[in-house]
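In: this is a predicted model, with the sequence first.
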Amino acid sequence: MLTKLHEEKVFKDPVHNSVYVQDLTIWKLINTSEFQRLRRIRQLGTSYLTFHGAEHSRFSHSLGVYEITRKIISQFERNGYVDWPQEEKLLSLCASLLHDVGHGPFSHSLEQNFGLDHEQWTCEIVLGATEVNRVLREVDSLFPERVAAVIRKKYEKPIVVSLVSSQLDADRMDYLLRDAYFTGVNYGTFDLDRILRVLRPYQGKIVVKESGMHAVEDYLMSRYQMYWQVYFHPVTRSSDILLRQIFRRASELYHAGYKFDFLLPPLRALLSGSLTLGQYLKLDEAMVQTAFGQWSEERDDLLSDLCGRFLNRQLYKYVPLVGEEREWLDHVRQEWERIGLHPDYHMEVDTPEDSPYDVYQPGALPDSKEKPPILLLDEQEELAEISVRSDIIRSIAGLHRGKYYIYYPAEKVLPLADRLSPETRKKLSI
């Protein structure tokens, strides 16, 4: 049940102008310590080392997702669409607000190194002994389980899930606009107001009125451009590599019995694989970067060098590869060992296939991780997947064109270049 605030709360926002909070439960959730922690988690991980304005947080993004969801539901209610289950309004708003509450510092890089899952941590925060859980239980004793079900994409009403997690959801619409704004690029812009006007609840799904197809084309093209120009930017990938290497080296040292000069309890639990929910919630980017500052003076030369590089933006140079060129890469590893470099740390091949961002997929197989396609609703109330009607979307749907890059510390390699083979010098542009 919705309980209205005595006075509406308003957050000024650079993307949506204002974020309106009218419900007591939402206001209480925003003020929990778990949600406030998102102020200390950047939305775009290491992208601030590529785009200096990309300092925005998961907190501002989560408010933006909530606001878009609120606008969609308000549009459904104003128009009296009978296919929208009005009793699910508060659930949809809470799930939208909390969908990212489980993200850790530098999000996906941390997850890759330690096998963490932000969605699982989100559900633990929703269901565990937290302020968030206490607020949700004030609505109903089973309300936290319903919110967790939406976040897990297991809720009995897919229309609620699709507001937060689909190929045209509030999450994607906010992060494209927000990331474009803070990185200073124009690729992610699209007509949000037009898209919100043409969304319809229909037969348990959220579909798009056919007359709004061109606005959705623009949205998907923006998503495609952001995918390659921002999220897969090779400089950002270089900083991600350094970050992953720091975590990998720290983990190796810990398990080898190395005695760190600086290791706070949450970081020790992270390295040992014994994180409790309370310890996880203490992890933020301020703590991690403080550790990097201390580790830059550790006795282990490799960890010290990696941390100093990350903090001072001394990133690895990158050059594109034709395919993976496995045989040549094995040869380079041998050359690295011969000249005194560490082949596991001073060379890395990267492809964007492991990125958490994705391009539009026109169809999803049962039980696959792909989200359902975008459906158009015509005047005869017939549905069609958008790429069937759109030449533009058909041309980019499912298209991957990621390049392989080899990354290496140029200033370590250049003084030793005369000891490398001519082929290696040529391919590394030395």
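Out: That came through fine.
In: helices of the stretch 101-250 of the chain, start to end?
Out: Ranges of helices within the stretch 101-250 of the chain are 107-114, 118-127, 131-139, 143-151, 158-164, 170-183, 192-198, 213-226, 234-255, based on DSSP state H, counting those that start in this stretch.
In: out of these, name the one with the poorest average pLDDT.
Out: Within the helices of the stretch 101-250 of the chain, the least confident segment by mean pLDDT turns out to be helix 107-114, at a mean of 85.
In: run the angle between that helix and helix 118-127 for me.
Out: Between the direction of helix 107-114 and that of helix 118-127, the angle (axes from the mean of the first three to the mean of the last three C-alpha atoms, to 10 degrees) works out to 100 degrees.
In: report the buried residues of helix 107-114.
Out: Neighbour counts over helix 107-114 (16 or more other C-beta atoms under 10 Å) mark S107, H108, S109, L110, E111, Q112, N113 as buried. Any C-beta I mention is one placed from the backbone N, CA and C, and that applies to glycine too.
In: how about JSON lines for the helices of the stretch 101-250 of the chain, with distance to L264 added?
Out: As requested, these are exported to JSON lines (distance: least, C-beta to C-beta, whole Å):
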{"stretch": "helix 107-114", "distance to L264": "15"}
{"stretch": "helix 118-127", "distance to L264": "19"}
{"stretch": "helix 131-139", "distance to L264": "23"}
{"stretch": "helix 143-151", "distance to L264": "29"}
{"stretch": "helix 158-164", "distance to L264": "33"}
{"stretch": "helix 170-183", "distance to L264": "29"}
{"stretch": "helix 192-198", "distance to L264": "41"}
{"stretch": "helix 213-226", "distance to L264": "35"}
{"stretch": "helix 234-255", "distance to L264": "12"}
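In: for D100, find the nearest of these.
Out: Taking C-beta to C-beta as the criterion, D100 comes closest to helix 118-127 out of the helices of the stretch 101-250 of the chain, the separation being 7.1 Å.
In: which residues of the protein score low on pLDDT?
Out: Low-confidence segments of the chain, defined by pLDDT under 70, are located at 1, 323-324, 352-359, 363-370, 398-402.
In: care to break it down by domain?
Out: According to automatic domain parsing, the chain comprises the domains 4-232+374-396, 234-353+403-427.
In: restrict stretch 23-40 to CA atoms and write it as PDB.
Out: Backbone C-alpha positions of stretch 23-40 (Å, rounded to 0.1, in the frame of the first residue of the first chain) are rendered in PDB as follows:
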ATOM      1  CA  ASP A  23       5.900   7.900  -1.300                       C
ATOM      2  CA  LEU A  24       7.100   7.400   2.300                       C
ATOM      3  CA  THR A  25       8.600   4.000   1.600                       C
ATOM      4  CA  ILE A  26      10.800   5.300  -1.300                       C
ATOM      5  CA  TRP A  27      11.900   8.200   0.900                       C
ATOM      6  CA  LYS A  28      12.900   5.900   3.700                       C
ATOM      7  CA  LEU A  29      14.800   3.600   1.300                       C
ATOM      8  CA  ILE A  30      16.800   6.500  -0.100                       C
ATOM      9  CA  ASN A  31      17.900   7.400   3.400                       C
ATOM     10  CA  THR A  32      19.100   3.900   4.400                       C
ATOM     11  CA  SER A  33      22.800   3.400   4.800                       C
ATOM     12  CA  GLU A  34      22.900   0.700   2.100                       C
ATOM     13  CA  PHE A  35      21.400   3.000  -0.500                       C
ATOM     14  CA  GLN A  36      23.600   6.000   0.600                       C
ATOM     15  CA  ARG A  37      26.700   3.800   0.100                       C
ATOM     16  CA  LEU A  38      26.000   4.000  -3.600                       C
ATOM     17  CA  ARG A  39      27.200   7.600  -3.500                       C
ATOM     18  CA  ARG A  40      30.700   6.000  -3.000                       C
END
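In: quick one, phi psi at the closest residue to L416 other than its chain neighbours?
Out: Spatial nearest neighbour of L416, excluding adjacent residues (C-beta to C-beta, 6 or more residues apart in numbering): I339 at 4.5 Å. I339 has phi and psi values of phi -100, psi 10 when expressed as degrees, to the nearest 10.
In: look at S18 and give its secondary structure.
Out: In the three-state summary, S18 is assigned as strand, counting by DSSP: H, G, I helix; E, B strand; the rest coil.
In: if I read this right, it contacts L63, doesn't it?
Out: No. Under the criterion of C-beta atoms under 8 Å, S18 makes no contact with L63, lying 10.5 Å away.
In: higher neighbour count, the two?
Out: L63 (24 against 9; other C-beta atoms under 10 Å).
In: surely that one forms part of a strand?
Out: No. Counting by three-state DSSP, L63 is not part of a strand but helix.
In: what bridges to the nearest residue to it once chain neighbours are set aside?
Out: Computed as C-beta to C-beta, 6+ apart, the closest residue to L63 that is not its neighbour in sequence is V19, at 4.9 Å. Taking DSSP bridges, one obtains F11 as the residues bridged to V19.
In: how about the contacts made by V19?
Out: Contact analysis of V19 by C-beta atoms under 8 Å, 6 or more residues apart in numbering lists V10, F11, D13, L63, G64, Y66, E67.
In: how about the strands in this structure?
Out: With DSSP state E, the ranges of strands along the chain come out as 4-13, 17-23, 199-202, 205-209, 317-321, 348-350, 375-377, 383-385, 404-408.
In: who wins for proximity to R78 among these?
Out: Comparing the strands of the chain against R78 with C-beta to C-beta, the closest turns out to be strand 199-202 (12.4 Å).
In: which strands and helices sit next to that closest one?
Out: With contacts defined as 3 or more C-beta pairs under 8 Å, 6 or more residues apart in numbering; DSSP states H and E, the packing partners of strand 199-202 are helix 58-78, strand 205-209.
In: need those in TSV (columns: distance to P343).
Out: Compiled in TSV, these are given as follows (distance: least, C-beta to C-beta, whole Å):
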stretch	distance to P343
helix 58-78	35
strand 205-209	49
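In: right, I'll call it a day here.
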